[in-house]
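Asks: pasting the structure only:
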């Protein structure tokens, strides 16, 4: 059984007792040593953190599992930072993840936590590509923060493009490393229940390649098909709960464009769903600096959102394959002086509220859960997708999470009402 022993407090205790022993006689010294030895043994036993979790596989189909989800949140730019060692978690200036952070997000109403992880800098040489044990332990610890909240958890392989190049020249070596990685992850987490989900690929593409974000090339798409299938095969082969675990496969660059979703192989597996990213429309969700950029949401571009979900329905839902939008969101944008004078606002948060309400209302109508991309950036530099302030354990904005939850708040009430109505009808019939 894997355990992590927290020994800092023991070191302090031993040093303190050693000081007392040095100031007394030999009997006192002997007594202090015995006390220290006993305390160390007791404290060591108390401070052990058991990493393993076991869980139930309830026999639900992929569609039934996805139907249990409502709305999710990404732990972005933490474990997916591209750096070596345990300090990688804070390499992009985010604080070390704590259980309190995850507890706060779950308490807000999010029932899917996606944990992006970059493994590249933590793997040894081939053919084993052994993942550093301390890194695997830390990933498991963070996964447990969410699993212990009884929510769905999506664990993935993120920012792996430097080695995971989907072309004919590299695919054999890529697939070997890809399988070695997922074999290790699957073995570590094989006893977890069905609320742990594996996502094999994140935005797989050739950086700077042809049609990088628009479906790539046929060669690239066939390489993604191969990686999707080998991911499934290697996880299933580890047995146990992994035989029926929900696995997420994806399109080229995880895009929802027609070329990507209509030219991807659908695996012959009863427990798969597709992971898609949809920051739609891009002119509103990103700060491009272009003349066509949108700051305000008046609903005139809502057809673009509808088009994305309609396309996903035709490509996947109509074939019995569920879909999860594992990344979506809109950045916080600061108005120019003229815009601020016109709106009376410094940022376009009220517009994001209107957009997310439209976006999720459509997503909900298709039965597609969505997971907000949160990188903990709200007013600094970079892509300002942050809504939860991990540094201060508060929400950068209350209005956006309020709007997200408002879309789903009547879901349970509706189900309860229907159940109550059915019960009442049964009672009347019996009478």
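Replies: Structure's in. What do you need? Worth saying up front: this structure is predicted, and the values here are computed from it rather than measured. Numbers count the residues shown, from 1 in each chain.

Asks: Only the buried residues of the strand or helix carrying residue 354, if you could.
Replies: Applying DSSP states H and E as the criterion places residue 354 in helix 349-366. Of the residues in helix 349-366, those buried by neighbour count under the rule 16 or more other C-beta atoms under 10 Å are 349, 351-353, 355-360, 362-364. (Each C-beta comes from the backbone N, C-alpha and C, glycine too.)

Asks: want to try a markdown table for the residues you listed, with distance to residue 177 and pLDDT as columns?
Replies: Formatted as a markdown table, those follow (distance: C-beta to C-beta, whole Å; pLDDT from 0 to 100):
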| residue | distance to residue 177 | pLDDT |
| --- | --- | --- |
| 349 | 42 | 97 |
| 351 | 43 | 98 |
| 352 | 39 | 98 |
| 353 | 43 | 98 |
| 355 | 39 | 98 |
| 356 | 37 | 98 |
| 357 | 42 | 98 |
| 358 | 41 | 98 |
| 359 | 36 | 98 |
| 360 | 37 | 98 |
| 362 | 38 | 98 |
| 363 | 34 | 98 |
| 364 | 38 | 98 |
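
Asks: for these, which one is nearest residue 298?
Replies: Nearest to residue 298 out of these is residue 351 (C-beta to C-beta; 8.7 Å).

Asks: any low-confidence regions in the protein?
Replies: Residues of the chain meeting the criterion pLDDT under 70: 1-47, 411-431.

Asks: rewinding a little: which elements pack onto the helix holding residue 354?
Replies: Contact here means 3 or more C-beta pairs under 8 Å, 6 or more residues apart in numbering; DSSP states H and E; on that basis helix 349-366 packs against helix 282-285, helix 302-315, strand 370-372, helix 399-408.

Asks: just checking, residue 389 touches residue 401?
Replies: No. At 11.7 Å, residue 389 does not count as touching residue 401 under the criterion of C-beta atoms under 8 Å.

Asks: neighbour-wise, which of those two wins?
Replies: Set side by side, residue 389 and residue 401 give different neighbour counts by other C-beta atoms under 10 Å, the larger being at residue 401 (22 against 17).

Asks: looking at it, that one is touching residue 109, isn't it?
Replies: Yes. The pair residue 401 and residue 109 qualifies as a contact (C-beta under 8 Å) at a distance of 7.4 Å.

Asks: Quick check: neighbours shared by residue 389 and residue 401?
Replies: With contacts taken as C-beta atoms under 8 Å, 6 or more residues apart in numbering, residue 389 and residue 401 have residue 395 as neighbours in common.

Asks: what's around residue 275, how many residues?
Replies: 25.

Asks: Count the neighbours of the closest residue to residue 184 other than its chain neighbours for me.
Replies: The shortest distance from residue 184 to any residue other than its chain neighbours is 5.2 Å, reached at residue 131 (C-beta to C-beta, 6 or more residues apart in numbering). The burial metric for residue 131, expressed as a neighbour count using other C-beta under 10 Å, is 18.

Asks: check contacts around residue 131.
Replies: Residue 131 makes contact with 119, 122-124, 181, 184-185, according to C-beta under 8 Å, 6+ apart.

Asks: what about residue 71, distance to residue 151?
Replies: Taking C-beta to C-beta, to the nearest Å as the criterion, residue 71 is separated from residue 151 by 11 Å.

Asks: Touching both of the two, which residues are there?
Replies: Shared contacts of residue 71 and residue 151 (C-beta under 8 Å, 6+ apart): 110-112.

Asks: Grab the nearest non-local neighbour of residue 332.
Replies: Once flanking residues are discounted, residue 332 sits nearest to residue 384: 4.2 Å by C-beta to C-beta, 6+ apart.

Asks: Touching, that neighbour and residue 286? I think so.
Replies: No. The pair residue 384 and residue 286 fails to qualify as a contact (C-beta under 8 Å) at a distance of 9.9 Å.

Asks: what about these two, which has more around it?
Replies: For residue 384 and residue 286, the more surrounded residue by other C-beta under 10 Å is residue 384, and the numbers stand at 22 against 19.

Asks: where's residue 397 relative to residue 295, distance?
Replies: Counting by C-beta to C-beta, the gap from residue 397 to residue 295 is 16 Å.

Asks: what about the residue nearest the centre of the chain, which SS state?
Replies: Taking C-alpha atoms, centre = their mean as the criterion, residue 114 is the residue nearest the geometric centre of the chain, at 1.4 Å. Secondary structure assignment for residue 114 (DSSP: H, G, I helix; E, B strand; the rest coil): strand.

Asks: mind checking which helix or strand the closest residue to it other than its chain neighbours is in?
Replies: Computed as C-beta to C-beta, 6+ apart, the closest residue to residue 114 that is not its neighbour in sequence is residue 154, at 4.2 Å. Secondary structure here is read from DSSP H and E; on that basis residue 154 sits in strand 152-156.

Asks: Give me the angle between the next helix or strand after that strand and strand 152-156.
Replies: In the C-terminal direction, the helix or strand that comes right after strand 152-156 (DSSP H and E) is helix 171-189. Interaxial angle of helix 171-189 relative to strand 152-156 (axes from the mean of the first three to the mean of the last three C-alpha atoms, to 10 degrees): 140 degrees.

Asks: which residues make contact with helix 171-189 from outside it?
Replies: Contact partners of helix 171-189, identified using C-beta under 8 Å, 6+ apart, comprise 119, 123, 126-131, 136, 140, 143, 155, 157, 163-166, 196, 198, 200, 223, 226-227, 230-231, 233-235, 237-238, 242.

Asks: Buried only: go through the residues you listed for me.
Replies: Among the contacts of helix 171-189, those scoring as buried are 119, 123, 129, 131, 136, 140, 143, 155, 157, 164-166, 196, 198, 200, 223, 226-227, 230-231, 234-235, 238, 242 (criterion: 16+ other C-beta under 10 Å).

Asks: Narrow these to those in helices?
Replies: Restricting the buried ones among the contacts of helix 171-189 to those inside helices, with DSSP state H as the criterion, leaves 136, 140, 143, 223, 226-227, 230-231, 234-235.

Asks: on that earlier part again, who are the contact partners of the residue nearest to residue 332?
Replies: If you count contacts by C-beta under 8 Å, 6+ apart, then residue 384 has 287, 331-333, 377-378 around it.

Asks: now, among those, which is nearest to residue 266?
Replies: Within the set of the contacts of residue 384, residue 331 lies nearest residue 266; the separation is 33.1 Å, counting by C-beta to C-beta.

Asks: Chain neighbours aside, what residue packs nearest to the closest one?
Replies: Across the structure, with C-beta to C-beta, 6+ apart as the measure, the residue nearest residue 331 apart from its sequence neighbours is residue 384 (4.5 Å).
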